[in-house]
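Undergrad: What would the 3D arrangement of this be:
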Amino acid sequence: MMKDEKLQKALARLGLGSRRQMEEVIRGGRVSINGKVAGIGDRVEQGDEIRVDGRLLRYTAENEKRRRVLMYYKPEGEVCSTQDREGRPTVFERLPPLSNDRWVMVGRLDINSTGLLLFTNDGELAHRLMHPSNEIEREYAVRVMGEVTPEMMKNLTTGVMLDDGMAQFDNIVERGGEGINKWYQVRLKEGRNREVRRLFESQGLKVSRLLRTRYGSVNLPRELRTGRVLELDKNDVQD
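TA: Below is the predicted model:
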């Protein structure tokens with residue numbers, strides 16, 4: 001009888017990296033199943049002892065595991081990591097505990113940014129949602145100090161050179177405001193470090209507030225308060 005799942009798929013689902021990355025780890029002889037060094041094409045099932053670099057993994061078969069996705073409204077001042085050397089609060093501290101499983105964060109927001117963060121217990125899903133090749137759209141509400149001229153709008157949507165390559169917004173729309181502070185809605189299909197802020201800074205503008213309002217098909221719900229969590233239902237997870 002064939003075992004449940006290919007090893008590289010199981011490792012990716014557990015949040016250790018992409019399937020391709022896991023294949024390299026397996027080829028490097030770093031994975032064992034029930035005490036024997038694993039190879040590409042090996043399969044695993046519930047009850048198998050899987051170790052990576054000697055560390056025992058908590059494996060739950062795919063058909064035994066319920067895929068879960070959380071929406072979290074990140075406040076300012078929280079760090080997008082499991083631990084912080086400076087002792088600052090992290091986004092993981094408010095998540096519900098999981099037994100024999102772990103939450104994987106989908107994308108990041110810098111410490112001064114707020115809004116929608118997604119978490120899932122399915123590492124492969126997290127990787128697919130973040131990988132640039134899948135072009136998952138992100139939407140932000142951005143408050144900008146300074147005048148955004150038509151020329152700047154054109155630059156921001158046709159592309160500007162940042163220190164890590166060309167970047168652009170897919171769309172930018174003014175949403176009102178008073179004085180030198182105006183709100184804009186922007187959309188883009190990647191999530192490089194501080195990309196939204198750096199795009200505006202490339203035009204000599206300063207972002208004073210940044211709120212992520214959508215990630216892919218998931219919108220930040222109006223009823224979700226800052227620092228709170230809502231779990232997606234089964235149909236939304238499937239979408």
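Undergrad: Give the buried residues for stretch 94-104.
TA: Buried residues in stretch 94-104, counting neighbours by 16 or more other Cβ atoms under 10 Å, are found at 95, 101, 103-104. No exception for glycine: its C-beta is placed from N, CA and C like everyone else's.
Undergrad: can I have that stretch written out in CSV, keeping just the CAs?
TA: What follows is stretch 94-104 as a C-alpha-only set of coordinates in CSV (Å, rounded to 0.1, in the frame of the first residue of the first chain):
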residue,chain,number,x,y,z
ARG,A,94,-1.9,37.3,20.3
LEU,A,95,-2.5,34.2,18.1
PRO,A,96,-4.5,31.2,19.5
PRO,A,97,-2.2,28.3,20.5
LEU,A,98,-1.9,25.3,18.3
SER,A,99,-1.2,21.8,19.6
ASN,A,100,1.4,19.8,17.6
ASP,A,101,1.4,22.4,14.9
ARG,A,102,2.6,26.0,14.2
TRP,A,103,1.4,29.2,12.6
VAL,A,104,3.2,30.4,9.5
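Undergrad: mean confidence score for that stretch?
TA: Along stretch 94-104, the predicted local confidence has a mean pLDDT of 87.
Undergrad: Would you mind listing the outside residues contacting that stretch?
TA: Contacts to stretch 94-104, defined as Cβ atoms under 8 Å, 6 or more residues apart in numbering, come from residues 15, 58, 60, 65, 70, 72, 92, 119-123, 126, 227-229.
Undergrad: Could you rerun that using 6 Å?
TA: With contact meaning Cβ atoms under 6 Å, 6 or more residues apart in numbering, stretch 94-104 is reached by 15, 58, 119-121, 123, 126.
Undergrad: who touches the lowest-mean-pLDDT helix or strand in the chain?
TA: Lowest on mean pLDDT, DSSP states H and E among the helices and strands of the chain sits helix 234-238, with a mean of 80. By Cβ under 6 Å, 6+ apart, the surrounding residues in contact with helix 234-238 are 67, 69.
Undergrad: how about that helix: buried residues?
TA: Per 16+ other Cβ under 10 Å, helix 234-238 contains these buried residues: Val237.
Undergrad: gap between that helix and the chain center?
TA: In terms of Cα atoms, centre = their mean, to the nearest Å, the centre of helix 234-238 is found 17 Å from the chain centre.
Undergrad: Format the CA atom coordinates belonging to it as CSV.
TA: What follows is the C-alpha trace of helix 234-238 in CSV, where atoms were taken according to Å, rounded to 0.1, in the frame of the first residue of the first chain:
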residue,chain,number,x,y,z
LYS,A,234,-13.8,26.7,5.2
ASN,A,235,-15.1,28.2,1.9
ASP,A,236,-12.9,31.3,2.3
VAL,A,237,-9.9,29.1,3.0
GLN,A,238,-10.7,27.1,-0.2
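Undergrad: beta partners of Gly165?
TA: In this structure, Gly165 has the following beta-bridge partners (DSSP bridges): Leu162.
Undergrad: quick one: it and Glu195, what's the gap?
TA: The gap separating Gly165 from Glu195 is 10 Å, by Cβ to Cβ, to the nearest Å.
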